[in-house]
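Undergrad: need a 3D model of the following:
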Amino acid sequence: MTDSSMDLASGIAAFESRHFNTAYPLLKPLADAGNADAEYRVAIMYQNGLGMVADLELALQYMRSAAEKGDPMAQHGLAVMYMMGEGVSADAAEAEKWFLKAADQGLQGSFTTLAMMYLEGNGIPKDLDKAREYFTKGGFDPDEFIKE
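TA: Numbering: from 1, shown residues only. Below you'll find the predicted structure:
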């Protein structure tokens, strides 16, 4: 195991056990070197002020970088940032784009968020067929949500 892969494993373990002051110095150099796993976790720390003062601009930078590398959790996270207008202007179409990328990789939360967006027409055109499809893909009975 290389030093960087040991740092990544240790940093992720510290992050998962909520020891952010330990995780950050292990993950930040790896994030700066372009490691998507590290970028995603550093983004979460900046986004939520975990072990530091929140910085949405840096959170967005790291989240976008990991998302563009194909990390499904980062794609979902970036979509949420666009949906909520967190560190960026709210943009439902951009949120939809990133939720779709994460859903294409099987991320459960992205299926259900897309289903709700299509059901409610939340910044995108209402589409009950798509809502039904994504509720089903997300493991839900669409009839529990869609009352036509």
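Undergrad: with adjacent residues omitted, what lies nearest to the residue most central in space within the chain?
TA: Residue closest to the average C-alpha location in the chain (CA atoms, centre = their mean): residue 77, at 1.8 Å. Spatial nearest neighbour of residue 77, chain neighbours left out: residue 63 (5.1 Å); criterion: CB to CB, 6 or more residues apart in numbering. For the C-beta atoms, the positions are set from N, CA and C on the backbone; glycine is no exception.
Undergrad: that neighbour against residue 41, yeah?
TA: No: contact criterion CB atoms under 8 Å: residue 63 and residue 41 do not qualify, at 10.3 Å.
Undergrad: mind listing what residue 56 touches?
TA: By CB atoms under 8 Å, 6 or more residues apart in numbering, residue 56 lies in contact with 46-47, 81, 86-87.
Undergrad: those residues, buried ones only, as a PyMOL selection?
TA: Provided next is the PyMOL selection string for whichever of the contacts of residue 56 are buried by 16 or more other CB atoms under 10 Å:
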select buried, resi 46+47+81+86+87
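Undergrad: break the chain down into its domains, please.
TA: 1-69, 91-148 (automatic domain parsing).
Undergrad: can you redo the ones you listed as TSV with mean pLDDT?
TA: Formatted as TSV, the domains of the chain follow (pLDDT from 0 to 100):
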stretch	mean pLDDT
domain 1-69	95
domain 91-148	94
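Undergrad: can you give me the strands for this structure?
TA: With DSSP state E, there are no strands along the chain.
Undergrad: can you tell me how far residue 12 is from residue 124?
TA: According to CB to CB, to the nearest Å, residue 12 and residue 124 sit 34 Å apart.
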